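Participant: Fold the following.
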Amino acid sequence: MSSSARQSHIDCELTQEALAKILACLDPDPARAGEKYEALREALVKFLDWRGAPFPEELVDETFNRVTRKLEEGETIRDATTYCHGVARLVFLQSLERPGNMRNGF
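Facilitator: Model prediction:
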């Protein structure tokens with residue numbers, strides 16, 4: 001990861017407030033929301049790993065960062081799980097376009 005990409009990743013880390021917004025989208029009960037968040041995170045990592053992403057955890061972090069930005073902009077998300085899967089798919093496709101991606105040479 002380049003230093004500028006690393007810096008933008010650091011700048012967009014989930015804050016407590018941002019995490020609370022995502023959790024609230026998953027379930028109104030905090031305990032169930034936490035369980036759903038962990039299950040969703042694991043599912044997204046598996047989804048990206050299955051697609052051949054070299055660093056699926058980083059792409060999942062970026063997925064949650066983007067979802068958080070949408071929530072902070074006032075976006076209403078009706079089905080957070082489906083929405084996050086769609087964002088993860090787009091994040092993965094964009095990662096394939098980055099210079100230096102090993103898959104670009106094939």
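Participant: For stretch 98-105, the averaged confidence score.
Facilitator: Stretch 98-105 shows a mean pLDDT of 56.
Participant: can you check stretch 32-48 too?
Facilitator: 97.
Participant: Then stretch 66-77?
Facilitator: Average pLDDT, stretch 66-77: 92.
Participant: how about that stretch: buried residues?
Facilitator: 66, 67, 68, 71, 77 (16 or more other C-beta atoms under 10 Å). Heads up, the C-betas are built off the backbone N, CA and C, glycines and all.
Participant: how long is that stretch from one end to the other?
Facilitator: For stretch 66-77, the first-to-last residue distance is 13 Å (C-alpha to C-alpha, to the nearest Å).
Participant: Kindly report the same for stretch 46-66.
Facilitator: Per C-alpha to C-alpha, the first residue of stretch 46-66 is 19 Å away from its last.
Participant: ok, and for it, which residues are buried?
Facilitator: Buried, per 16+ other C-beta under 10 Å, within stretch 46-66: 47-48, 53, 56, 58-66.
Participant: mind putting those residues in a markdown table, distance to residue 41 and secondary structure included?
Facilitator: A markdown table is the format used below for these (distance: C-beta to C-beta, whole Å; DSSP: H, G, I helix; E, B strand; the rest coil):
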| residue | distance to residue 41 | secondary structure |
| --- | --- | --- |
| 47 | 11 | helix |
| 48 | 11 | helix |
| 53 | 14 | coil |
| 56 | 10 | helix |
| 58 | 12 | helix |
| 59 | 11 | helix |
| 60 | 6 | helix |
| 61 | 9 | helix |
| 62 | 13 | helix |
| 63 | 9 | helix |
| 64 | 8 | helix |
| 65 | 13 | helix |
| 66 | 14 | helix |
